[in-house]
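Chemist: predicted model follows, preceded by the sequence.
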Amino acid sequence: MSLTTIPTVGSDERVRAGLPRPERSYAIRSSWHPRRRRAWRPAVLIGLTVAGILVVHAVNMWQFPTANDDEGTYLAQAYAVRNGWGLAHYTYWYDHPPLAWIQLALFSWIPEVLFPDMLAVGAGRLSMLPVTAASLVLVYVLLRRLGFARWVGALAMVIYGLSPLSVGLMRQIYLDGFAVVWMLAAMVLIQSHRRRLWHHVAAGVAFGVAVLSKETILVVLPALLAMLWTNTEGSGRRFSLTGFTVSFLAVGAYYPLYAALKGEFLPGDDHVSLIGAWQFQLRDREGSGSVFDGSSDAHHLVMSWLDSDPFIIVAGLVAVAAAIRAKALRGPVIALVMLVAVGLRPGGYLPTMYILALLPLFSLLIAGGTSVVAAWAARPDGPVQAVIDRLVRVGYWAGLGERALRTAAWVRPTVAVALIGAVLVAVAPAWYEGNRYALTASHHDTYTAAANWMRTQVADPREVRVVVDSTLWLDLVRHGYERENVIWFYKLDVDPAVMETLPRGWRDIDYLVATSVIRGDDGTRTTLDELLAHSDVVASFGEGDGRIDIHKINPVPDEPTATVR
């Protein structure tokens, strides 16, 4: 047989040899038909995947990572909403929109009922499991609506859910988790294949809820508008853009309207204000420094993210190069670029939880980019096809005949398995170690011991005034201490409503529970300094930075004193 008559892998013999047709892409599908026959099978598979990931998140979540003061604040604010005290357990000063902890209030009572004696923040983290489940499912649905195969969506869920960064941060009670869910919901609605106007209006509502959950998510607005522009055409585009914009602004307007109706929109000497809070967040708040400055807080934070899981960050950034070639992925690419650009701005404030908005985007771009590269490599004129055709020709030269086609059929799965195996060898050990630590570490033993001491060793908690950090505030309130007598140290010398209850300043306080957060205060709270100077340590738990000391305040003999109970 001459070379001109040797069949290529794209001929009819290709099919008889068990090879896929060259014109068929195994990586990307052009549409998603949710009602096709046996649709329950992928639903079961996705459900089992989500359930498995949730188990990893749930195990030991009450002990790892170490409780953050922000977590205690948000959980206490949700507790205040649930009990009708207002939008916060202290004066609400518009530091963040309240919608996230209002959502948290809907189901944060469940852990309290199931685990009444557990550390409040630890038990409260169970409330984040539904948020995690919603995020995982929405990542899958978004990739399907973008035209990708099921395996791509499943891969994105696994990357997103099992990254050690996700396991650590998504357990914690952060506003960003709620904002991410609504951001993904807006993207899913925009990518509706039916392109109904109400879908795009609902997307505007969803994104408005996202911004009122955490205001920093607003930076992805250009990405949503780009997705909306791409997914519409003709006169419908104008209506969709208008419907999205109007519904988004209508939802967002509730926040400034609330402030205006309370007379707290503009700054004033005798009240908090929305504009004043914005000025603090954008202008007056001390920045984290430049990410590229090795001595800055921002640099140390980014390095801690990379130490936890370099794969999802580096691979996510690299995947942008592949993903940008796919029109379907340009919206998520724009969202990622906007978030990274804001995070890298010099002099800005970079919080620990900022990366939560990046994790789902990293995951879907890694999975989607892998699919794009696989589709490119598998096309009829692609590199894999060229290798297969060459192997077939060599086989015919060697006299293998039809067996050459059957042998070449193993090239594609062999290459795929080899690539997947290489990734697993590189990533799995680090992920295993990171997640094993998350599932076994005990970081809350000292907090639990301090809370138990305050419950059992104080004779009459209702008559005692105590200063604590936000992590322990809810524990004491739930176990008999009067709400007005449990003072979050952050409010000392700052909140007039708190200082009015302390006419003699530090002398009106009986106990101070000093955690690392309190010991690391910036020194601007005179009352806190006085408490540390005029007290004795009556109990101590733990050691090093994690030590918790319980101070009993001592009266001064020659001055008017508060009775120490």
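Modeler: Thanks, I have the structure now. Keep in mind that this is a model prediction, so the values were computed, not measured.
Chemist: show me where the stretch 451-565 of the chain has its strands.
Modeler: For the stretch 451-565 of the chain, applying DSSP state E, counting those that start in this stretch gives strands covering 466-468, 486-488, 511-514, 535-541, 548-553.
Chemist: now the helices for the stretch 401-550 of the chain?
Modeler: Remark: helices assigned in the stretch 401-550 of the chain by DSSP state H, counting those that start in this stretch are 402-408, 411-440, 445-456, 470-478, 496-499, 516-519, 526-533.
Chemist: just the buried positions in the fifth one, please.
Modeler: Within helix 496-499, the residues that count as buried by 16 or more other C-beta atoms under 10 Å are V498. Quick note: C-beta positions are derived from backbone N, CA and C, even for glycine.
Chemist: now G348, what's its secondary structure?
Modeler: Following DSSP: H, G, I helix; E, B strand; the rest coil, G348 is assigned to coil.
Chemist: out of everything not next to it in sequence, what's closest to it?
Modeler: Nearest in space to G348, with sequence neighbours left out and distances taken as C-beta to C-beta, 6 or more residues apart in numbering, is G287 at 5.5 Å.
Chemist: same check, this time on V81
Modeler: A105 (4.3 Å).
Chemist: which of the three states applies to the one you found?
Modeler: Going by three-state DSSP: A105 is helix.
Chemist: report the contact partners of it.
Modeler: 78-79, 81-82 (C-beta atoms under 8 Å, 6 or more residues apart in numbering).
Chemist: what about 7 Å?
Modeler: For A105, the contact set (C-beta atoms under 7 Å, 6 or more residues apart in numbering) comprises 78, 81-82.
Chemist: still on that earlier bit, wait, isn't the residue nearest to G348 in contact with P346?
Modeler: No: in terms of C-beta atoms under 7 Å, G287 does not count as a neighbour of P346; the distance is 8.1 Å.
Chemist: in the stretch 401-550 of the chain, where is pLDDT below threshold?
Modeler: Applying pLDDT under 70 to the stretch 401-550 of the chain picks out residues 401-417, 419.
Chemist: for P42, which non-adjacent residue is closest in space?
Modeler: Leaving aside its chain neighbours, P42 sits nearest to R150 (5.3 Å; criterion: C-beta to C-beta, 6+ apart).
Chemist: what's the residue sitting nearest the centre point of the chain sitting at in phi/psi?
Modeler: Compute the mean C-alpha point of the chain, and by C-alpha atoms, centre = their mean the closest residue is L356, 3.1 Å away. For L356, the backbone dihedrals (degrees, to the nearest 10) come out as phi -60, psi -30.
Chemist: and for the closest residue to it other than its chain neighbours, the neighbour number?
Modeler: Leaving aside its sequence neighbours, L356 sits nearest to D176 (C-beta to C-beta, 6+ apart; 4.1 Å). Neighbours of D176 under the rule other C-beta atoms under 10 Å: 26.
Chemist: what's the answer for I324, then?
Modeler: 16.
Chemist: doesn't V181 fall inside a strand?
Modeler: No: applying three-state DSSP, one finds V181 to be helix, outside a strand.
Chemist: contacts only, for it.
Modeler: Contact analysis of V181 by C-beta under 7 Å, 6+ apart lists 131, 134-135, 138.
Chemist: can you rerun that using 8 Å?
Modeler: By C-beta under 8 Å, 6+ apart, the contact set of V181 is 131, 134-135, 138, 210.
Chemist: just the buried residues from the residues you listed, in PyMOL please.
Modeler: Remark: buried members of the contacts of V181, expressed as a PyMOL selection using 16+ other C-beta under 10 Å:
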select buried, resi 131+134+135+138+210
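Chemist: go ahead and confirm the residue nearest to the centre of the chain touches Y174.
Modeler: Yes: using C-beta atoms under 8 Å, L356 is in contact with Y174, at 6.3 Å.
Chemist: ok, for I548, nearest residue in space, not its chain neighbours?
Modeler: Once flanking residues are discounted, I548 sits nearest to A450: 4.4 Å by C-beta to C-beta, 6+ apart.
Chemist: V373: what secondary structure?
Modeler: helix.
Chemist: how close does it sit to A449?
Modeler: 52 Å (C-beta to C-beta, to the nearest Å).
Chemist: who has more neighbours, these two?
Modeler: Neighbour totals were compared for V373 and A449, and V373 leads with 18 against 15 (other C-beta under 10 Å).
Chemist: now the nearest residue to L228 once chain neighbours are set aside: how far from L184?
Modeler: Nearest residue to L228, sequence neighbours excluded (C-beta to C-beta, 6+ apart): I190, at 5.2 Å. Using C-beta to C-beta, I190 is found at 11 Å from L184.
Chemist: likewise W198?
Modeler: In terms of C-beta to C-beta, W198 sits 19 Å off from L184.
Chemist: one more: L136?
Modeler: L136 is 10 Å from L184, by C-beta to C-beta.
Chemist: and for G368?
Modeler: 14 Å.
Chemist: who has more neighbours out of the two?
Modeler: Each of G368 and L184 has its neighbours counted (other C-beta under 10 Å); G368 has more, 29 against 24.
Chemist: and the gap between the residue nearest to L356 and S135?
Modeler: For D176 relative to S135 (C-beta to C-beta), the value is 11 Å.
Chemist: one more: G523?
Modeler: 39 Å.
Chemist: again with L472
Modeler: Distance from L472 to S135, by C-beta to C-beta: 29 Å.
Chemist: for the protein, give me the ranges with low pLDDT.
Modeler: Scanning the chain for pLDDT under 70 picks out the ranges 1-39, 377-417, 419, 556-565.
Chemist: what's the domain layout of it?
Modeler: Using automatic domain parsing, the domain ranges for the chain come out as 3-26+379-440, 40-287, 445-553.
Chemist: residues near the residue nearest to P267 when sequence neighbours are not counted, how many?
Modeler: Nearest residue to P267 in three dimensions, chain neighbours excluded: G276, at 4.1 Å (C-beta to C-beta, 6+ apart). By the criterion of other C-beta under 10 Å, G276 has 18 neighbours.
Chemist: could you do R171 as well?
Modeler: 25.
Chemist: equivalent analysis for L424, please.
Modeler: Counted with other C-beta under 10 Å, L424 comes out at 11.
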